[in-house]
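[1] Sequence first, then the predicted structure:
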Amino acid sequence: PVRDYAPIVLTGITHNGLAVHAGLAFNSLKELLDHARARPGALNWASWGVGSPSHLSLAWLEARSGASFTHVLYKEPSMAFLAVQTGESQVITNPTGVLAPQVKAGKLKALAVGGTARSPYLPNVPTFAEQGFDFTYRGWNGAIAPAAISPEQVRRLNAAFNAVLADKEFTAKFMAPAGVEAAGGTPAEFAAMLRAEKANAQRIYRELGVKPADAPSS
């Protein structure tokens, strides 16, 4: 991605929250992890694939807490999300803005949120940091183009994206409901972030021992 694409702009940042099926008795991250340590593999953690944010969140938390979950893979995020709502699986991480409506409807119970401050979507839910975990993993999205694009086209696209991202009405209607915080910035800033994210992902994979070969056969 660093070599083959030209970065245009970072469009948004997402922070994940951890939620469980509403019928479970856990009311804190500590209670969940204590149970997962006492009964390894008893709880299903829903994700949408090896290397997905949901899977890396699982691997990260297991490595730092000593807890153990059964990793259950679904074909897409919506299927994993539904599985936890129905109780087929019990635990999931998802952007806080996506979790919030289901939490408020009583279908899920949120136990922790990412980020350095509490989420405006779930203000009563403590952060991972408040509960003793330095969970800095975040999601993001951005716009890129084929590497052969001209600098002038990059400049024009960047200006157009930044204008939209600065539109509070647009971001409130189309980004906030998905839990995405509008970003923006220059192509150079996005390029630097891409390099840093790639290095960070490689470090996480090495640290957690996650390998492509771990993926199930189709």
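    The structure has been received and is ready for your questions.
[2] Please count neighbours and contacts with C-alpha atoms only from this point.
    Fine.
[3] confidence score at Gly49?
    Reading off the confidence values, Gly49 has pLDDT 87.
[4] The nearest residue to it once chain neighbours are set aside: neighbouring residues, count only.
    Closest residue to Gly49 apart from its sequence neighbours, by Cα to Cα, 6 or more residues apart in numbering: Leu73 at 5.5 Å. Using other Cα atoms under 10 Å, Leu73 is surrounded by 20 other residues.
[5] looking at it, Leu73 is touching Ala46, isn't it?
    Yes: counting by Cα atoms under 8 Å, Ala46 is a contact partner of Leu73 at 6.1 Å.
[6] Now for those two: what residues contact both?
    Ala80 (Cα atoms under 8 Å, 6 or more residues apart in numbering).
[7] Secondary structure element holding Glu181?
    Using DSSP states H and E, Glu181 sits within strand 180-182.
[8] just Ala159 next, same as before
    With DSSP H and E as the test, Ala159 turns up in helix 151-165.
[9] Can you point out the buried residues in that helix?
    Val154, Leu157, Asn158, Ala159, Phe161, Asn162, Leu165 (16 or more other Cα atoms under 10 Å).
[10] now swap in stretch 187-197 and tell me
    So, applying 16+ other Cα under 10 Å, buried residues of stretch 187-197: Pro187, Phe190, Ala191, Leu194.
[11] what do you get for stretch 171-178?
    Buried, per 16+ other Cα under 10 Å, within stretch 171-178: Thr171, Met175, Ala176, Pro177, Ala178.
[12] quick one: which of the residues you listed is nearest Ser65?
    Ala178 (29.0 Å; Cα to Cα).
[13] one step back: farthest-separated two in the buried residues of helix 151-165?
    Val154 and Leu165 (16.2 Å).
[14] re earlier: return the subset of the buried residues of stretch 171-178 lying in helices.
    The subset of those located in helices under the criterion DSSP state H comprises Thr171.
[15] and the buried residues of stretch 171-178 as CSV, adding pLDDT and distance to Ser52?
    Output for the buried residues of stretch 171-178, formatted as CSV (pLDDT from 0 to 100; distance: Cα to Cα, whole Å):
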residue, pLDDT, distance to Ser52
Thr171, 93, 25
Met175, 89, 21
Ala176, 82, 22
Pro177, 77, 21
Ala178, 77, 18
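[16] average pLDDT across the helix holding Ala159?
    98.
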